[in-house]
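Student: Sequence and predicted structure below; questions after.
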Amino acid sequence: MTSTPVRGGLAALLALAVALPAGQALADPGPPVPSASTVPAPAPEAVPEAGLVPGVRPAPHRTWPQDTPDQSLPPHVYTPSAEEDTMEPPLAPPGADALIEYVPPGDVLSPAGSGGAPGPLAAAACTKKTGPYQRQVERWLKRKADGKQSPADCRAIRAFQTKQGIRPNAGFAGPVTWGRMRAISARKNPNAAKKCPTRAYRLACVDLPRQLMWVSKGKKIVYGPVPIRSGRAGNRTRTGWHKVYWRHKNHWSSLYNSPMPYSQFFSGGQAFHGIYGNVYSPPGSRGCVNLRLSDAKRLWGVLKGGDRVYVWGRKPGT
């Protein structure tokens, strides 16, 4: 994602012409300095998976959080002023990264409140529906992995969701539940399969199949593992070796008018950065490696310019 389009080149000019309103100058704007008052409301997002929506009733006035998009062009790199560097990105609204599972709406929706407003989450009953990650969740819970929901399966899944604070705790094996299980499994030794090389220097390891990242130095894990959301189908995060070439704490996409707090660019327009939403939610980013805002802030204090990044594998579904 770019803060401003790159100077020069027909592709850059065409991209800018599409992005800018009629009559707006083609010159690069000055570096944006976002503040709490300039954070826009979340943009609408299409239903991420057919038949699955967040477990809160939609209404005409409600918009869904959307991942901040990315593009192939790199950002316009500049040296932030000391004043800009002292600013911290705005805090996430309360509950922005709450673990809200994507579920069939009929399982958890309560009747609308007075005046047609959406009601709160209904008291979740055990769902009879089979989730998209049923087999993986059954295997993780050491149950018979037949990929079919049973009352006993639902009770076991629901107990896990309750313990982890996943709502609604209806026993539906969705992306949030399975993502949480992956993160827990990797806590002690995320590199047990030795997919990430061991180096004496700091190395950011990005595991696309498990949607996790961590930072190692030698055999020691100095950060993470933490859950991520990488590029969706058609906008995959680029694999291989990369290097953190620009860090911008208060990055803002002028192309999409979207915040990218604690951005650390490592491949063109692709960067590690925080989001004001749920990193487990499908379908994925537009190429960036999204992190929870708190994780992105901690990563900012761990990585430095010039540190290496290694990305491997493929995000499920891409």
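Tutor: All right, it came through fine. Numbering: from 1, shown residues only.

Student: which residues of the chain fall in helices?
Tutor: Using DSSP state H, the helices of the chain run over 10-19, 82-86, 134-140, 151-164, 175-185, 293-300.

Student: and residue 209, what does it touch?
Tutor: 313, 314, 315, 316 (CB atoms under 8 Å, 6 or more residues apart in numbering). C-beta here means a position set from N, CA and C on the backbone, and glycine is covered the same way.

Student: Tell me how far it lies from residue 230.
Tutor: Using CB to CB, to the nearest Å, residue 209 is found at 10 Å from residue 230.

Student: Please work out how many residues are found near residue 145.
Tutor: 15 (other CB atoms under 10 Å).

Student: Compute the distance between it and residue 173, please.
Tutor: Taking CB to CB, one finds residue 145 at 11 Å from residue 173.

Student: which residues do those two both contact?
Tutor: By CB under 8 Å, 6+ apart, residue 145 and residue 173 have these common neighbours: 136, 138.

Student: where do the contact lists of residue 209 and residue 230 overlap?
Tutor: Shared contacts of residue 209 and residue 230, defined by CB under 8 Å, 6+ apart, comprise residue 315.

Student: Surely residue 224 touches residue 190?
Tutor: Yes. If you go by CB atoms under 8 Å, residue 224 and residue 190 touch, sitting 6.8 Å apart.

Student: Need the residues touching each of those two.
Tutor: Common contacts of residue 224 and residue 190, defined by CB under 8 Å, 6+ apart, comprise 212, 214.

Student: where along the stretch 101-250 of the chain do the strands fall?
Tutor: Along the stretch 101-250 of the chain, counting by DSSP state E, counting those that start in this stretch, strands occupy 102-103, 202-207, 212-217, 220-227, 240-243, 246-253.

Student: Let me know which of these is the nearest to residue 183.
Tutor: Residue 183 lies closest, by CB to CB, to one member of the strands of the stretch 101-250 of the chain: strand 220-227, at 4.9 Å.

Student: shaky segments in the stretch 51-200 of the chain?
Tutor: 51-73, 108-124 (pLDDT under 70).

Student: Find the nearest non-adjacent residue to residue 154, please.
Tutor: Closest residue in space to residue 154, ignoring its immediate chain neighbours: residue 171 at 3.4 Å, by CB to CB, 6 or more residues apart in numbering.

Student: got a winner among the contacts of residue 209 for most neighbours?
Tutor: Tallying neighbours with other CB under 10 Å puts residue 315 at the head of these, with 21 neighbours.

Student: Relative to residue 79, how far out is it?
Tutor: The gap separating residue 315 from residue 79 is 33 Å, by CB to CB.

Student: any chance of the helices of the chain in TSV, plus mean neighbour count?
Tutor: Formatted as TSV, the helices of the chain follow (neighbours: other CB atoms under 10 Å):
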stretch	mean neighbour count
helix 10-19	13
helix 82-86	10
helix 134-140	20
helix 151-164	17
helix 175-185	21
helix 293-300	20
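
Student: Nearest to residue 258, out of the ones you listed?
Tutor: Ranking these by distance to residue 258, with CB to CB as the measure, places helix 10-19 first at 12.2 Å.
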